[in-house]
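Engineer: dropping a prediction and its sequence here:
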Amino acid sequence: MSNLGEKTKLGVSKNYDTRNFGIAPSLAGCSIEYRFGNRNICIQLPARPQKNDPEKHSSPISCSAYWIKNNREIPQFFEVHSVKLTLDTGEIRVVEKKHLDAEHFNATAFNKTKSVQYSKLIAKYNKLLDAGFEHWVNTMRWKSQKHSILRTRFNHQNTERGPCLVNLKTDKSFYYPPLEYSFQRVPVVSKREWNATEKALEANQAVPIWHLYIAEANQKLELGDKREFIIDLAIASETLLRQVFNKKIIDDTFPSKFKDMINRISISNILQNWRKLGFNSSAWKKLEKEQGLMNHVIELRNAIMHRAKEPDLSYKRARELSDAILNFVIQGEKELT
């Protein structure tokens, strides 16, 4: 095999494990190319899985749910376990053809000087790749409104069987309550949501800060930290509402000190006078329940911050609060456009 060198455009590629992430079947094999950190990045979804994949457990993509149509199994969605990101370094190096043509990677095929050189090159772009991946994830959560995508799921029961009654004298268990199972569907990204994500990435749009906090709140809830869950939800809602409030109430002709004074008004007071402040459209009226739940979030946040009181709420109630904040945020964003 020839050892002649060949000028090669270099990229850095990395596979990222993904959890709790599903896609519409039509998205299998799709990719997005976008500019990030003055470099071109391509994110590649795995190709459609094979039905009889012998290594299904380790496959980057799988399907466990099907529709039955005309006696045929049609995938409902694919669960993605890993994605590939490739970054164009913009660098050109001369690489020996034997390395470029090799079917398998062999670490011993490179001398020490070349190995150190290539390792430094990878390290140079590794953080940028990680940041690019995180940017894609945040944008996808924003555009799909599914903030639990790629978030760790938490086993709320903590143990395989749960609590039981025991005889303290013998330390033997004698009663287990009936097991309860709940199915948590993987959040599935549709073609429309994927296209919206691609469009936002190509336009280099910044993810609104309130969506980042909603995503953080969802993660804290799944990890069982209800205190941080409430605080993050409150920050998300208050950040958006102050933007909406300022746009609606404050004119640019007002002095900056007046703006500062307005910004000190509590969110609770704003919510209590919501309609009087001009938020009385039919769209806002449909969110009366959500407004009450948002008030509850603010009250829980104040109890945590001012009285060191732990929030007493069930997982179901917490999900209800999170959904209410998201609905309020979606309507609030329409006020900002």
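Structural biologist: Structure received. Note that this is a predicted model, so its numbers are computed, not measured. Numbers count the residues shown, from 1 in each chain.
Engineer: pLDDT weak spots in the stretch 1-150 of the chain?
Structural biologist: Residue ranges of the stretch 1-150 of the chain with pLDDT under 70: 1-3, 52-58, 105-107.
Engineer: all strands in it, in order from the N-terminus.
Structural biologist: 5-17, 22-23, 31-36, 39-44, 61-62, 66-69, 72-75, 78-80, 82-96 (DSSP state E, counting those that start in this stretch).
Engineer: can you give me the buried ones in the fourth one?
Structural biologist: Okay, so that is strand 39-44. By neighbour count on 16 or more other Cβ atoms under 10 Å, the buried set for strand 39-44 is 39-44. To be clear about C-beta, it is placed using only N, CA and C from the backbone, and glycine gets the same treatment.
Engineer: could you do the last one as well?
Structural biologist: Along strand 82-96, these residues count as buried under the neighbour rule (16+ other Cβ under 10 Å): 82-83, 85-89, 96.
Engineer: who's in contact with that strand?
Structural biologist: Around strand 82-96, the neighbours that count as contacts under Cβ atoms under 8 Å, 6 or more residues apart in numbering are 3-18, 39-46, 60, 121, 125, 128-129, 132-133, 136.
Engineer: biggest helix in the chain by residues?
Structural biologist: Looking across the chain with DSSP state H, the single longest helix is helix 112-144.
Engineer: give me the angle between that helix and strand 82-96.
Structural biologist: Relative orientation of helix 112-144 versus strand 82-96 (axes from the mean of the first three to the mean of the last three Cα atoms, to 10 degrees): 150 degrees.
Engineer: one step back: out of the strands of the stretch 1-150 of the chain, flag the one nearest Glu216.
Structural biologist: Minimum separation from Glu216 across those (Cβ to Cβ) falls at strand 5-17, 19.2 Å.
Engineer: now do the closest one: distance to the chain's middle.
Structural biologist: 27 Å (Cα atoms, centre = their mean, to the nearest Å).
Engineer: where along this structure do the helices fall?
Structural biologist: For the chain, the helices defined by DSSP H cover 97-100, 112-144, 191-202, 209-222, 226-249, 256-263, 267-272, 282-285, 288-307, 315-336.
Engineer: and Leu201, which of the strands of the stretch 1-150 of the chain is closest to it?
Structural biologist: Leu201 sits nearest to strand 31-36 of all the strands of the stretch 1-150 of the chain, at 3.8 Å, using Cβ to Cβ.
Engineer: quick one: contacts of the closest one?
Structural biologist: 40-45, 128, 131-132, 135-136, 194, 197-198, 201-202, 204.
Engineer: now, among the buried residues of strand 39-44, which is nearest to Ile304?
Structural biologist: For these, the nearest to Ile304 is Ile43 (37.7 Å; Cβ to Cβ).
Engineer: any low-confidence regions in the stretch 201-337 of the chain?
Structural biologist: 249-259, 261-262.
Engineer: which one of the strands of the stretch 1-150 of the chain lies nearest to Asp225?
Structural biologist: With Cβ to Cβ as the measure, strand 5-17 is the member of the strands of the stretch 1-150 of the chain nearest Asp225 (22.6 Å).
Engineer: still on that earlier bit, would you list the helices of the chain in TSV and tack on mean neighbour count?
Structural biologist: Below are those laid out as TSV (neighbours: other Cβ atoms under 10 Å):
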stretch	mean neighbour count
helix 97-100	14
helix 112-144	16
helix 191-202	17
helix 209-222	22
helix 226-249	20
helix 256-263	11
helix 267-272	15
helix 282-285	12
helix 288-307	17
helix 315-336	17
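Engineer: ok so, going back, ok and the longest helix of the chain relative to strand 39-44, angle-wise?
Structural biologist: 70 degrees.
Engineer: off-centre distance for helix 112-144?
Structural biologist: 18 Å.
Engineer: show me what contacts the closest residue to Ala236 other than its chain neighbours?
Structural biologist: Distances taken as Cβ to Cβ, 6 or more residues apart in numbering place Tyr213 nearest to Ala236, at 3.7 Å, with adjacent residues excluded. Residues in contact with Tyr213, defined by Cβ under 8 Å, 6+ apart, are 232-233, 235-236, 239.
Engineer: quick one: those as TSV, columns for distance to Ile68 too.
Structural biologist: Supplementary listing: the contacts of Tyr213 in TSV, determined by distance: Cβ to Cβ, whole Å:
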residue	distance to Ile68
Asp232	41
Leu233	40
Ile235	45
Ala236	41
Thr239	46
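Engineer: who's Lys9 bridged to?
Structural biologist: In this entry, Lys9 is beta-bridged to Ile92, by DSSP bridges.
Engineer: now do the buried residues in stretch 22-32.
Structural biologist: 22-25, 27-28, 30, 32.
Engineer: now stretch 64-78
Structural biologist: Neighbour counts over stretch 64-78 (16+ other Cβ under 10 Å) mark 75, 77-78 as buried.
Engineer: what is the burial count for Ala47?
Structural biologist: 11 (other Cβ atoms under 10 Å).
Engineer: gap between it and Ile61?
Structural biologist: 7 Å (Cβ to Cβ, to the nearest Å).
Engineer: overlap in contacts, the two.
Structural biologist: Common neighbours of Ala47 and Ile61, counting by Cβ under 8 Å, 6+ apart, are Ala28.
Engineer: would you mind measuring from the closest residue to Arg151 other than its chain neighbours to Leu300?
Structural biologist: In space, and not counting its chain neighbours, Arg151 is closest to Gln219: 4.9 Å by Cβ to Cβ, 6+ apart. According to Cβ to Cβ, Gln219 stands 18 Å off from Leu300.
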